[in-house]
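# Kindly return the folded structure for what I paste below:
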Amino acid sequence: MNPTERMMVRLLDCAIRGRAPDATLADQVDWTAMFTLAQAHKIDAMLLDPFCLLPEGARPPANVLAAWQENAMMTVMSQMMLVEQLHALLAAFESAGVKAIVLKGVALKQLYPQPDLRTMSDADLLVEEAAFEAGNGVMASQGYTLDEREPGVNIYRGADGLRVELHARLFDKTAYGFLSRLDEDAVFPVSLAGREPVYGGEAWVFPPKEHALFMLCHMAKHMITTGFGLRQTVDFILFAGHNDRAMDWDAFWQAAGILGLTRFAAALLALGGAYFSLPSGGWANGAPEVSRETAEGLLEDVLDAGVFGNRTEERRRSAAVVYRAYDAEDADTGRLRRAVFPSAATLKAPYLYARKHPVLLPVAWAHRLVRYALALLTGKARRGDAAAGMEIADGRLTLLGSLGLRDDK
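Numbering: from 1, shown residues only. The predicted model follows:
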């Protein structure tokens, strides 16, 4: 980590613990760069309180701090609106007799000293497959527009900005290696969910073990492509600490072991102990040993990723190579082919039509090549960008191996 990243991690630790920071490294920090990086991780608003507790001479310059404060104020207002919209939607599900389980988002906000500073831009709701059509009816009745369909999930957008993923299945079982071992009906039975207080009201939520396993699988899924950022990292760490006594850690580690996720989970919790004031607790019993090099490599990857790995174009380009490495050869020619001709499952906008209609996959490949050629001609892309993406992919494949996420190879 460079001094700016190290200071940001320290400030984030203070923010999630409600603690005043020290001023060490403050004179070496590029505050503008930190603001940009914090925005990429959607944690910028969380860092404002620790800033205000720094000695006056160690704070960001006035112009940077003013922009930060304005952004934080807008964040609080928008989050209050989104939480209100979500609870109105959840009330509609209750009235319709449809059990909608809340995952992440509003179910985690109360773990933070300032809940509205833990941002959410969407909501993940899980319903039983038998109730999926009824759930879609609730979404339509509340004025939500269907934006996109994926296997087992319909994605909606509300007129006031809330994006909702309505799931009948949490994961596409055919998409990623470790998920081929996941029996959702056994690991995430809807019947286990109970009504619990969440930020802004009540909702159906999974017990701690199931919710922690869902977060772990969700992070691992994104880790296999472009990665995930600091917000999900501290979500998991705070959740583990808050539920340490209530959690059946033996059952958690056993379930994680079946999925091949024990080293990944252990590395995340090791980062919690090293950087985010996670006290040693029941979570440490049964956790496998991970090297410091592996844990530090994970943190570097998290910092580089931003939210869902979308921080840089090179990072996005690396996704197809990493993903396809799970079912293709490692030769250079194979890696190049996977970068140029990615599978439909790895395509993002504006190529989503190939995910909905696989017969159009060759059209999407041609579309990508034409757009990249035009970007080269107009100077919006460089010939070295693809090579940079390949280099990132190579490093990430090595890290995935050390985290145990390529055990299925």
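# Helix or strand, whichever it is, which one in the protein has the lowest mean pLDDT?
When the helices and strands of the chain are scored by mean pLDDT, DSSP states H and E, helix 332-340 comes last with a mean of 50.
# Wait, T32 touches V64, no?
Yes: at 5.9 Å, T32 and V64 qualify as touching, with contact defined as CB atoms under 8 Å. In short, each C-beta sits where N, CA and C put it, glycine included.
# need the contact list for G161.
Residues near G161 by CB atoms under 8 Å, 6 or more residues apart in numbering: S78, M81, L82, Q85.
# which SS class is the most far-flung residue of the chain relative to its centre?
Residue farthest from the centre of the chain, counting by CA atoms, centre = their mean, is G57 at 34.8 Å. Of the three states, G57 takes helix under DSSP: H, G, I helix; E, B strand; the rest coil.
# pLDDT score for it?
In the predicted model, G57 carries a pLDDT score of 81.
# ditto for F206
In this model, F206 is scored at 97, pLDDT.
# List the residues that contact the nearest residue to it once chain neighbours are set aside.
Of all residues not flanking F206 in the chain, A193 sits nearest, at 5.4 Å (CB to CB, 6 or more residues apart in numbering). Residues near A193 by CB under 8 Å, 6+ apart: K99, I101, W204, V205, F206, P207.
# And the furthest pair within the residues you listed?
K99 and P207 (14.8 Å; CB to CB).
# Run a quick neighbour tally on K209.
19 (other CB atoms under 10 Å).
# ok, it touching A255?
Yes: the criterion here is CB under 8 Å, and K209 meets it with A255 at 7.4 Å.
# show me where the stretch 1-150 of the chain has strands.
Applying DSSP state E, counting those that start in this stretch to the stretch 1-150 of the chain gives strands spanning 101-103, 122-126, 145-150.
# any chance of those in CSV, with mean neighbour count too?
Output for the strands of the stretch 1-150 of the chain, formatted as CSV (neighbours: other CB atoms under 10 Å):
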stretch, mean neighbour count
strand 101-103, 24
strand 122-126, 23
strand 145-150, 13
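# mean pLDDT for those strands: which is lowest?
Among those, strand 145-150 scores lowest, at a mean of 91.
# Partner strands of that one, with direction?
strand 153-157 (antiparallel) (DSSP bridges).
# can you list contacts of the strand it pairs with?
Taking CB under 8 Å, 6+ apart as the rule, strand 153-157 contacts 136, 139, 144-149, 163-169.
# And for stretch 231-248?
With CB under 8 Å, 6+ apart as the criterion, stretch 231-248 contacts 12, 16, 41-43, 104, 108, 111-112, 118-119, 208-209, 211-212, 215-216, 218-219, 222, 268-269, 271-272, 276, 278-279, 281-283, 302, 307.
# pretty sure N71 contacts A45?
Yes: checked against CB under 8 Å, the pair N71 and A45 is within contact range at 6.6 Å.
# So the two - more neighbours on which side?
Between N71 and A45, A45 has the larger neighbour count (other CB under 10 Å), namely 25 against 16.
# related to what we said a few turns ago, mind checking the strands of the stretch 1-150 of the chain for the one nearest to G227?
Going by CB to CB, the one of the strands of the stretch 1-150 of the chain nearest G227 is strand 122-126, 18.5 Å.
# for the closest one, packing partners?
Other elements packing on strand 122-126 under the criterion 3 or more CB pairs under 8 Å, 6 or more residues apart in numbering; DSSP states H and E are helix 62-95, strand 101-103, strand 163-167.
# swap the cut-off to 7 Å and go again
strand 101-103, strand 163-167 (3 or more CB pairs under 7 Å, 6 or more residues apart in numbering; DSSP states H and E).
# In JSON lines: the ones you listed, plus distance to H242.
Shown next, in JSON lines, are the helices and strands packed on strand 122-126 (distance: least, CB to CB, whole Å):
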{"stretch": "strand 101-103", "distance to H242": "16"}
{"stretch": "strand 163-167", "distance to H242": "24"}
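# of the ones you listed, which approaches P21 most closely?
Closest approach to P21 among the helices and strands packed on strand 122-126 (CB to CB): strand 101-103, 31.5 Å.
# so how far is the closest one off the chain centroid?
How far strand 101-103 lies from its chain's middle: 15 Å, per CA atoms, centre = their mean, to the nearest Å.
# Distance to T233 added to the strands of the stretch 1-150 of the chain, as CSV?
Below are those laid out as CSV (distance: least, CB to CB, whole Å):
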stretch, distance to T233
strand 101-103, 17
strand 122-126, 18
strand 145-150, 25
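# For M8, which of these is the nearest?
strand 122-126 (24.4 Å).
# any idea how far H218 is from P189?
The gap separating H218 from P189 is 18 Å, by CB to CB, to the nearest Å.
# Between those two, which is the more surrounded one?
Each of H218 and P189 had its neighbours counted (other CB under 10 Å), and the higher figure belongs to H218 (19 against 12).
# now that one: how far from F188?
As for H218, its distance to F188 is 11 Å (criterion: CB to CB).
# now swap in A20 and tell me
A20 is 40 Å from F188, where distance means CB to CB.
# More neighbours: which of these two?
Using other CB under 10 Å as the criterion, A20 and F188 rank with F188 on top: 23 against 11.
# Would you agree that one is in contact with A212?
No: using CB atoms under 7 Å, F188 is not in contact with A212; the gap is 11.5 Å.
# Could you pull out the residues contacting both of these two?
Residues touching both F188 and A212 (CB atoms under 7 Å, 6 or more residues apart in numbering): none.
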